[in-house]
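# Provided below for reference: sequence and predicted model.
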Amino acid sequence: MKVMLLGAPGAGKGTVAKLLTALDGSVQISTGDILRAEVRAGSDLGKKAEAFMKAGDLVPDSLIMDMMEKRLQADDCRQGFLLDGFPRTIPQAEALKKLLAKLKIDLDMVINIDVPREVILDRLCTRRTCANANCQAIYNVKSNPTKKEGICDKCGSPVIQRDDETEAAISQRLSTYNAKTAPLIGYYEREGKFRNIPCTSSDDVVKAVKETLGL
Ligand code: ADP
Ligand code: ZN
């Protein structure tokens, strides 16, 4: 499948994307994950992106488009892909439209995962991530705690709050989302092949996507 997932930070795009990859071998393309890997690797792109990310601001469109132009041409995308966290702005959406036309790729569907703001806030503040870069297991202090407080079940490393998951950065990410990314909903409604899925459970979102695509 060739699907774009829209939704606020914390709406569950990453979780849904992972569940969908298991259905047909499509790959998850998370711009956030790619950027975090670049920051860890200390690459040029990583150095440019780091400060924006820490503050909960968006990384400039030109950097993201260069990165995605390469990513979408990798062999593993031929089978299908799930765009998770991209596009994030109207200029990115316009540039993506041109890029897809150039690469002769047709998207099957644009999905908006629509989760109430209170649920999102609660989820983001309680999320914890394993500090070990090779593990990165995700926990939640309320709904999915580690067995031993603060220690990853899988690898024994400390679990931490991501730099951009402090209260200040979260509220910045949500206002960035409202100002820059939420307008994509109207944009893709007009473009067609758009579906809004108002579900807080990732399994329900996956069910709705399967139905829509006839899987
Ligand atoms: P979330 O969706 O939970 O905010 P992500 O992991 O998708 O987190 O992204 C983390 C950070 O990476 C964002 O706050 C932003 O700084 C940067 N980022 C990710 N994707 C994009 C994008 N398409 N355009 C600009 N910045 C991005
Ligand atoms: Zn771990």
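Structure received. Ligands and ions are numbered 1, 2, ... in the order given.

# could you check the distance from the residue of the chain most remote from its centre over to ligand 2?
Note on the chain: the largest C-alpha distance from the chain mean falls to Lys148, namely 28.2 Å (CA atoms, centre = their mean). In this view, Lys148 and ligand 2 are 12 Å apart by CB to the ion, to the nearest Å. For glycine as for every other residue, the C-beta is placed from the backbone atoms N, C-alpha and C.

# For that residue, give its distance to Cys130.
13 Å (CB to CB, to the nearest Å).

# Run through the residues of this protein sitting next to ligand 1.
9, 31-32, 35, 52-53, 56-59, 64, 85-88, 92, 164, 173 (CB under 6 Å from any ligand atom).

# now the helix of greatest length in the chain: mean pLDDT?
Criterion DSSP state H: the longest helix present in the chain is helix 90-103. The average pLDDT for helix 90-103 rounds to 98.

# Check which helices and strands it sits against.
Helix 90-103 makes packing contacts with helix 61-71, helix 183-191 when contacts are defined by 3 or more CB pairs under 8 Å, 6 or more residues apart in numbering; DSSP states H and E.

# Show me what counts as buried in the one helix or strand Ile120 maps to.
Using DSSP states H and E, Ile120 sits in helix 117-126. Buried residues in helix 117-126, counted by 16 or more other CB atoms under 10 Å: 120-121, 123-126.

# go on, stretch 204-215?
Buried residues in stretch 204-215, counted by 16+ other CB under 10 Å: 205-206, 208-209, 213.

# Cool, thanks, talk later.
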